[in-house]
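J.: how would this look folded up:
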Amino acid sequence: MKIRLIEIQNFRGIRELTWAPSEQVNCLIGAGDAGKTTIIDAIDLTLSSRYQTTFDDSDFFEGKPAQAIEITITLGDLPEIFKAVTKYGGHTRGWDAEKKIIVDDPDEGNGLEDVLSVRLVVNHTLEPKWNLYKASFTGDPRSERSLTFEDRQKIVPTRLGVYTDRHLAWGRQSILTRLSGNACVGVEILAEASRLARKHFKACEEGLFKETVDQISEWARPVGVKLGKNIAARLDVQGISLTSGGISLHEGDIPLRLLGAGSARLLIAALQDHAAACVPFALIDEVEHGLEPHRISRLLRYLKSDRDGTRAQLFMTTHSPVVLQELGIDDLAVVRRDKPTGKVTAISAKTDIAELDSQAPLRSMPNSYLARSVLVCEGKTEVGLARGLDRYWVKNKRDPFATAGVVATSGRGKDQAPQLAKHFRKLQYHVALFMDNDKDPDNSKILLELERLGVKILRWEKGKASEDVLFHDIGDGAVKRIIELLKGEEEAAKILEQFKGMAGKCSVSDWDDLQKKCTDTAIRAQLATCAKKHDWIKTRMSLSELIGLEVLGPNLERLKGENEECMTGLRAWVDDE
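T.: Numbering: from 1, shown residues only. Got it, this is the predicted structure:
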């Protein structure tokens, strides 16, 4: 089975959400409080078999129970038995995969997929109700129909959260229980075990879950978890009860729940994968938790690899750039929440911009996807200046970029940077474009298009690049400080020779001579020209950041006209959350 559509109303921070997820991997990304975990929780609660779930007023949007919680999960790829008239055939609806819509009573033979919608409703009484939903049955006694307990077991997701202990024991809803065909141990054995503890139970455990246990070491190997040869199902003395939850995996006499968080997650992911035939949906909170980068890579590649058999539909959240670099752009869903209305959207991170390879920025700048706001800079010079200005503003008691959720990233040139800004804006990020103004993009209409989309355009005075502004427009002291910073570079001798080679009449003998003459207009012009031609600043990110901190920042008040507007516009955009 696959989830075709998720509809949420009035649940926690979500007033409204409609989302058609991917059939395979769905990694939810977005700013904090966007609603990523709430979406995972909504799936878990709606498809769960836990009828004892409790709710309180805090589970309602804005804490107001007058508006009922309604969560509808529409399931496709149904088993034939589910579509039988004697089963749930009367409640099936039609899914239009192309238009991503549901038709309540589709005509026969119109090519729509048969689907079932499971709805969870919680009103002011705080009593949850699960039913099969069909709009035409509203108010009809048939609207009270729900899945049987046995059939609910077939749609229950496996959830892998920060705490994984329960999946390493044969308790209710654990992955081991499902792998063992929901087999349970006789109550009399467990009762005896609870009295005599591990010693007596060890004598009774021979052959218990043997078929499952024998394969666990083999399943763990592909994800990099090496288990010993003495794996068995034995009594976990800290989990003794009159249920099968007291039986857990052990290596010798040591419960495997004592594995490190990362190893436990990898092992459970492997078990979960092999249980895909009976676990159609897998939910993973913060997939990177407890894992080093190389183990994150191993896990994700394993989950995404093509192998025979049924694959669980995966829903996960992440705040890790390492995770993003391992995923494809089709695997990502960007979650955005409009604070005033509570409307939440989840859209594919892949955009249809012909001039841009959507996968490329995910590989080169994954941090940008985890921010609220993206400052796309024409090149590395502008990125460094922006970072330096951030440090300067922090020193002067202004909010840092991090507080506003801003990430500065390189757009790799005047033609690529606008396309990157368009990409992020289409994904509903708060976007600004910081560019030189000595050359326009080849696409003459792109900047106007970006303004219409809501991108803030930040450019220097017409005809000027960043180097022109730095050497021409912020005073003698500023230029002298830039020369001091250049003199301190490892390639200072090469830089000086490059200047001498271009200087012509503006000849200088050494760095001291250059500092003395830098007040001359012709010298400054030549410095700017040479800096641009030889990429003095562009190829030295740490240098451009220092210039932003120690030169541009302290001299912002010297800027006039369009240059001043560029910098005040940047600060205003950062402050505009």
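
J.: And residue 472, its phi and psi?
T.: phi -110, psi -40 (degrees, to the nearest 10).

J.: Now it: closest residue in space, sequence neighbours ignored.
T.: Sequence neighbours aside, residue 524 is the residue nearest to residue 472 in space, at 5.7 Å (criterion: C-beta to C-beta, 6 or more residues apart in numbering). C-beta coordinates here come from the backbone N, C-alpha and C atoms, glycine included.

J.: correct me, but that neighbour touches residue 471?
T.: Yes - proximity of residue 524 to residue 471 meets the contact threshold set by C-beta atoms under 8 Å, at 4.8 Å.

J.: between those two, what contacts are shared?
T.: Residues touching both residue 524 and residue 471 (C-beta atoms under 8 Å, 6 or more residues apart in numbering) are residue 479.

J.: who has more neighbours, the two?
T.: Shown here are residue 524 and residue 471; by other C-beta atoms under 10 Å, residue 471 has more neighbours (23 against 20).

J.: Distance-wise, check the more buried one relative to residue 385.
T.: With distances taken as C-beta to C-beta, to the nearest Å, residue 471 is found 13 Å from residue 385.

J.: what does residue 24 give?
T.: Distance from residue 24 to residue 385, by C-beta to C-beta: 41 Å.

J.: and the residue nearest to residue 359 when sequence neighbours are not counted, how many neighbours?
T.: Of all residues not flanking residue 359 in the chain, residue 329 sits nearest, at 4.9 Å (C-beta to C-beta, 6+ apart). Look at residue 329: counted by other C-beta under 10 Å, it has 18 neighbours.

J.: likewise the one 3 residues further on?
T.: Residues near residue 332, counting by other C-beta under 10 Å, number 25.

J.: wait, what's in contact with it?
T.: 27, 29, 324, 348, 349, 350, 362, 369.

J.: can we see that at 10 Å?
T.: Residue 332 is in contact with 22, 25-30, 318, 323-324, 347-350, 358, 362, 369, 427, counting by C-beta atoms under 10 Å, 6 or more residues apart in numbering.

J.: Restricted to helices, list these.
T.: 323, 324, 362, 369 (DSSP state H).

J.: Just give me the closest of those to residue 561.
T.: residue 369 (35.4 Å; C-beta to C-beta).

J.: what's the neighbour count on that closest one?
T.: Each residue near residue 369 was counted by other C-beta under 10 Å, and the total is 22.

J.: Tell me the confidence at it?
T.: Looking at residue 369, its pLDDT stands at 94.

J.: OK, contacts around it?
T.: Contact partners of residue 369, counting by C-beta under 10 Å, 6+ apart, are 29-30, 318, 321, 324, 329, 332, 334, 349, 361-362, 407, 424, 427, 429.

J.: can you give me the strands in the stretch 201-350 of the chain?
T.: Secondary structure of the stretch 201-350 of the chain (DSSP state E, counting those that start in this stretch): strands located at 231-235, 247-251, 254-255, 281-284, 313-317, 332-338, 343-348.

J.: got a markdown table for those, with distance to residue 561 and mean pLDDT too?
T.: Below are the strands of the stretch 201-350 of the chain laid out as a markdown table (distance: least, C-beta to C-beta, whole Å; pLDDT from 0 to 100):
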| stretch | distance to residue 561 | mean pLDDT |
| --- | --- | --- |
| strand 231-235 | 74 | 75 |
| strand 247-251 | 71 | 77 |
| strand 254-255 | 71 | 76 |
| strand 281-284 | 53 | 87 |
| strand 313-317 | 46 | 92 |
| strand 332-338 | 36 | 94 |
| strand 343-348 | 39 | 95 |
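
J.: Nearest to residue 100, out of those strands?
T.: With C-beta to C-beta as the criterion, residue 100 lies closest to strand 343-348 of the strands of the stretch 201-350 of the chain, at 11.2 Å.

J.: Please name the residues that touch residue 321.
T.: Residue 321 neighbours (C-beta under 10 Å, 6+ apart): 288, 293, 362, 365, 366, 367, 368, 369, 370.

J.: repeat that with 7 Å
T.: By C-beta atoms under 7 Å, 6 or more residues apart in numbering, the contact set of residue 321 is 366, 367, 370.

J.: Just the buried residues from those residues, in PyMOL please.
T.: A single PyMOL command selects the buried members of these (16 or more other C-beta atoms under 10 Å):
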select buried, resi 366+370
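
J.: the more surrounded of residue 24 and residue 385?
T.: residue 385 (27 against 15).

J.: leaving aside the residues next to it on the chain, what's closest to the more buried one?
T.: Using C-beta to C-beta, 6+ apart, the closest residue to residue 385 is residue 548 (4.1 Å).

J.: Done for today, thanks.
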